[in-house]
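[1] I would like the atomic coordinates for the input below:
(2 chains)
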Amino acid sequence: MPGKLKVKIVAGRHLPVMDRASDLTDAFVEVKFGNTTFKTDVYLKSLNPQWNSEWFKFEVDDEDLQDEPLQITVLDHDTYSANDAIGKVYIDIDPLLYSEAATVISGWFPIYDTIHGIRGEINVVVKVDLFNDLNRFRQSSCGVKFFCTTSIPKCYRAVIIHGFVEELVVNEDPEYQWIDRIRTPRASNEARQRLISLMSGELQRKIGLKVLEMRGNAVVGYLQCFDLEGESGLVVRAIGTACTLDKLSSPAAFLPACNSPSKEMKEIPFNEDPNPNTHSSGPSTPLKNQTYSFSPSKSYSRQSSSSDTDLSLTPKTGMGSGSAGKEGGPFKALLRQQTQSALEQRGGSPHRFCRRREFPFFTLTAFPPGFLVHVGGVVSARSVKLLDRIHNPDEPETRDAWWAEIRQEIKSHAKALGCHAVVGYSESTSICEEVCILSASGTAAVLNPRFLQDGTVEGCLEQRLEENLPAGCGFCHIPYDELNMPFPAHLTYCYNCRKQKVPDVLFTTIDLPIDATVIGKGCLIQARLCRLKKKAQAEANATAISNLLPFMEYEVHTQLMNKLKLKGMNALFGLRIQITVGENMLMGLASATGVYLAALPTPGGIQIAGKTPNDGSYEQHISHMQKKINDTIAKNKELYEINPPEVSEEIIGSPIPEPRQRSRLLRSQSESSDEVTELDLSHGKKDAFVLEIDDTDAMEDVHSLLTDVPPPSGFYSCNTEIMPGINNWTSEIQMFTSVRVIRLSSLNLTNQALNKNFNDLCENLLKSLYFKLRSMIPCCLCHVNFTVSLPEDELIQVTVTAVAITFDKNQALQTTKTHVEKSLQRASTDNEELLQFPLELCSDSLPSHPFPPAKEHLESASSNSGIPAAQRAVTVEKASPMGEGNFRNRSAPPCANSTVGVVKMTPLSFIPGAKITKYLGIINMFFIRETTSLREEGGVSGFLHAFIAEVFAMVRAHVAALGGNAVVSYIMKQCVFMENPNKNQAQCLINVSGDAVVFVRESELEVVSTQQPTANCQPSCTGGEVTT
Amino acid sequence: MTSELDIFVGNTTLIDEDVYRLWLDGYSVSDAVALRVRSGILEQTGATAAVLQSDTMDHYRTFHMLERLLHAPPKLLHQLIFQIPPSRQALLIERYYAFDEAFVREVLGKKLSKGTKKDLDDISTKTGITLKSCRRQFDNFKRVFKVVEEMRGSLVDNIQQHFLLSDRLARDYAAIVFFANNRFETGKKKLQYLSFGDFAFCAELMIQNWTLGAVDSQVDDMDVDLDKEFLQDLKELKMLVADKDLLDLHKSLVCTALRGKLGVFSEMEANFKNLSRGLVNVAAKLTHNKDVRDLFVDLVEKFVEPCRSDHWPLNDVRLFLNQYSASVHSLDGFRHQALWDRYMGTLRGCLLRLYHD
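    Okay, the predicted model is just below:
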């Protein structure tokens, strides 16, 4: 379907003076799309020109519409010499290509120049007319919606979650082409900006095609990254989760996919491998349901991964629940030919969806209730590669193969944990010269296939299993077989339901599930580490790095574990480990949010022991340290309000006698794909909590443990979407980016000194944030995202983006007990909303009304109006898209204009105290800024400060032009800063993305809702009332 | 380990009022940090000096970037780079254009030229206000002056429209512009007892009654320049003191009316002719620019000081001036009643304001 793009240039304002003589400007505008250019008239002698142009019309293919940005250049007319460029505006017209998003882009855009920054503004109107023509062999994917949000967007519900989509495109970097040595920096920067914009468009279109092939209509958790590989080129890659989403405003009955065998879904003929775009060549994936077969002896080992004999085994459906023998019932419901055949072939594995997906990965970090059945733990893989020139940009096979390798590893790790899927999946790179570390990580998990493509029917089978699990702790239960554990682990019976086994510590990369029962509050936990490395070239360098990686991982992990213990907590969420490579060092930074999960056992303390127990003063020193540690733990427990109910050991039952191990972390490094190093993180036979301070190194570790100061009172911080234990957010939010660069004194750097420097850098940065935001107390820093880079030999750069949200202290009080009780209740309510399965499948533990009784409404109403914040603890952020049901028929009131033009930005997927009524499209912007007058612009700080402020301004302007008033899931994916103070020069590249949305304050919504008949109140609405 | 770069950028621009004040007061970053430390902020927040340093630097950088916009406040409202809530924008503008009493007394009525700017060093030394702050205040006066100098319409309205100041501050600026334009002398020793508020009060009365705008609201410079025709006409008032009969009659009318009502009646009676001569001569001299500049000096010399030396209470001054103005209407031989009212109405207000210790 080709389309007609229409552009009108209205006016300009605040233009810079281009003619010194008159102090005025003779401005005109060039509008370019693809190879077509239009020009406006020259508006003489004005800094506020009114062009009011005609409509410039471009007739273009939709393929071009997706790939190309609209390019608007403002110039100063010069009769005698060449016209001077004032600046440019790039407009991504993608949001206009799908019907539900924006219909027009209209507003003031900052005119941006890569050398001078923002120079005035221009008012532009853009429209697109699409002609519908259903070409089967189309190359475009107009209509596929993209979301950066890593959960199901608020005003949609997921009909089906299809799974992983990925793509990458490569090109030569204009910066490194010979012509750039002779053209101006401006031309070079603009060429780069344009190329990346084009590549992003192309990438998005290609991903869209894959989604269409999967019969999906959206990509959620879309993460696009650039690898600036220098001379070897430019890689733009993206991953995401393909979904079929339904807008909640449509009156369609709210039913999970499995219960609504709707025609359109069924008539899709599914071949065995309907996804020709995946780069796998083999017959689908080797993983298949083998990931799910828990038959103890055979299917576990990695080598068996493609053996089909395993697959025919009936999986142990118990999933550790001991409820084997319940399968069979739902089989009668089989509706689809291939479903049947598949079942025959595979003995009823409910997880056949894996067959279709090469990689059962999900970039989502928060899920519809009931989606996540069990969590195995963090899986990660890293690989060190040597970059070489990309010879043929059309066939980016090498890069594809690299990633395929890593993903394969991740998949096998997940399998080793008894999991068939990986959630909270992400990929990243770190590049230094020609060495590149590719990293991938995620959380191994067992999912409920109700939402997955093929799982429509078997979902019920799975569901039945799940129903045996009490809500709020089910996801903690081990997915692997306790008799045949992938690693030695310390298991106990779940402290919540007492029925199933749980590990003593759980690490994950996802957000805290909304139905999880948490005691007390959470906190940000970071592990920081530096390792010196000899400077080396190519192969030698790669080898050196590969050798260091396992040690770094080990230490990062140990640090995390110790810090978690010190906080008196037992689980980590949102874990993100970043390893950065520099010329002469490696940096590791892990961030996560620690919480105390009620289902997991109370963590033990930390014991320290010396190796030379004879020395008296040494003993004394040790006992002193021990006391300090114990005090800290006690203090932290108080600080974070961790006071779990006392449980006597008898009830729990004796722990399973197993070698102790604390880690759910499986990972590997490899330089070449075959060589996989497995780390045993069990710390040998020792108790992991015993720290031996037998040398200065260890001493250092203990000290560093104790140097982390807690945030000042009134402050909390986490790197997840929401803070466990706080749920009465008020509407004040402040998103910010902070950047620090420190120069290390180059003399005699040791690992210890480095560690200290790095640690101080991070701690001071946090302290500064707390100080700056003190006026918002009580508040919580959410989604704290640290990025480390090593721009030069002795420079360390740390970039932090986060949002501070205020909360109401008076309502923050909570009694743990009611909290826990309530959360159980709540969770069951949540489940009910979803469990619209045949009633016979529902177990006794759950009152199974497909339509929740009235009391639920009452309850949610009370928690909405009332103070018992504790009761709302768990439903905090009704991430559940289903919760929004009752807003479906409401017309969105015009966006709040009380404060004109305010655009909120937040890295979170929601806005406290407000309802997102519309998603307008993805924002994905790339900017380069360069200066040759660094000192005049206030030095490096002045330069970068201004640039980041400009980037924010441009993001806000684009959102406002789309008709939005906020950006959610905002992320600064890259901030590459280079300086050359001697030449008075600096350059910076920034890449940001997010979802443009329209939100309405809840107070305003209530007014609307009273005017609405309550007729459309569906059972699924209950959650909708409970907002904070 | 040294910090090469250290920045914080919020989606909503953070404005710390205390730091803004320090910046406006012209303190360097290190001085500002020292002052903040002294304020006890470290104890209150548990922050370190390094944190304070970095925070102060950040704010200073932000203010520096904002300063360009503050020079044309409507730009601050329309710009897209800094997202600042309207109330904060107003605060930024209001504080930026606020000035120190001590400073304004030094420059009030002076020509806002480069020459004066050179004297800022001395003013800074004299007043204890940092040179940087003096410069900002002086530049603000000059900027406002330049913009509204030749504009039509009400001076206060123009200032408010172009600089988005509060009513109060806009009125003050109107006074500053009016004084600068007419170059009224305010620096003489005799006038030192007068505050800026006193002058601003007089300026407002004069703008309302003595300028071109008072008679015609459609002329350029209407509120800035005095009505030349009016000043010419004031010569006619001279007969009030030149004509002896008229003067005697005037005196008797006033004395009759005030007998028994004034505590300082005898002093008044004795001084009536001097006072009246002083007030009328001031009016008659206003045709010369030089004498216009000395208006306040003359008023203080010819009226305020004699009354003060006789210890007139303020209320007696009021009674006297009211009667003195009103009695003229009963002088049959005097034809310039309207002129007299336009002159004396304003002057009476000014004198009452100027009459204090």
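[2] Now whichever strand or helix holds A:Arg399: buried residues?
    Element membership for A:Arg399, per DSSP states H and E: helix A:397-416. Burial within helix A:397-416, assessed by neighbour count using 16 or more other C-beta atoms under 10 Å in any protein chain shown, is assigned to A:398-400, A:402-416. In this view, the C-beta of every residue, glycine as well, is placed from N, C-alpha and C.
[3] Pull it out as CSV, backbone CA atoms only.
    C-alpha atoms of helix A:397-416 as CSV (Å, rounded to 0.1, in the frame of the first residue of the first chain):
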residue,chain,number,x,y,z
GLU,A,397,26.0,-13.1,8.5
THR,A,398,28.9,-12.9,10.8
ARG,A,399,27.1,-10.7,13.3
ASP,A,400,24.0,-12.8,13.0
ALA,A,401,26.0,-16.0,13.6
TRP,A,402,27.7,-14.4,16.7
TRP,A,403,24.4,-13.6,18.2
ALA,A,404,22.9,-17.0,17.3
GLU,A,405,25.7,-18.6,19.1
ILE,A,406,25.1,-16.7,22.2
ARG,A,407,21.4,-17.2,22.1
GLN,A,408,22.0,-20.9,21.7
GLU,A,409,24.0,-20.9,24.8
ILE,A,410,21.4,-19.0,26.8
LYS,A,411,18.9,-21.5,25.6
SER,A,412,20.9,-24.4,26.8
HIS,A,413,21.5,-22.8,30.2
ALA,A,414,17.8,-22.3,30.6
LYS,A,415,17.2,-25.8,29.7
ALA,A,416,19.7,-26.9,32.3
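[4] Which strands and helices lie in contact with it?
    With contacts taken as 3 or more C-beta pairs under 8 Å, 6 or more residues apart in numbering or on different chains; DSSP states H and E, helix A:397-416 sits against strand A:156-171, strand A:234-247, strand A:372-386, strand A:421-432, strand A:435-447, strand A:666-670.
[5] What residues does the stretch 51-200 of chain B have near chain A?
    Those residues of the stretch 51-200 of chain B that sit near chain A, judged by C-beta under 8 Å from any C-beta of the partner chain, are B:51-52, B:54-55, B:57-58, B:61-62, B:64-65, B:75, B:78-83, B:85-86.
[6] Can you give me the pLDDT of residue 149?
    You didn't say which chain, so I picked chain A. On the pLDDT scale, A:Thr149 is placed at 91.
[7] To clarify, I was referring to chain B.
    Looking at B:Glu149, its pLDDT reads 85.
[8] How many residues are close by it?
    When neighbours are defined as other C-beta atoms under 10 Å in any protein chain shown, B:Glu149 has 17 of them.
[9] likewise A:Ser717?
    The number of residues packed near A:Ser717 is 25, by other C-beta under 10 Å.
[10] For it, which residues are in contact?
    A:Ser717 sits next to A:523-524, A:711, A:766, A:780-782, A:784, A:802 when contact means C-beta atoms under 8 Å, 6 or more residues apart in numbering or on different chains.
[11] In strands only, show me those residues.
    Residues of those located in strands (DSSP state E): A:523-524, A:780-782, A:784, A:802.
[12] returning to what we had before: any idea which of the contacts of A:Ser717 the model trusts least?
    Within these, pLDDT is lowest for A:Pro711, at 83.
[13] which residues touch it?
    By C-beta under 8 Å, 6+ apart, the contact list for A:Pro711 reads A:523, A:717, A:766, A:770, A:781.
[14] Pull the most distant pair out of those.
    Greatest spacing in the contacts of A:Pro711, by C-beta to C-beta: A:Cys523 and A:Tyr770 (13.0 Å).
[15] how much space is there between the residue nearest to A:Ala27 when sequence neighbours are not counted and B:Leu212?
    Spatially, and ignoring its direct neighbours in sequence, A:Ala27 is nearest to A:Pro49 (4.9 Å; C-beta to C-beta, 6 or more residues apart in numbering or on different chains). Remark: distance between A:Pro49 and B:Leu212 (C-beta to C-beta, to the nearest Å) = 36 Å.
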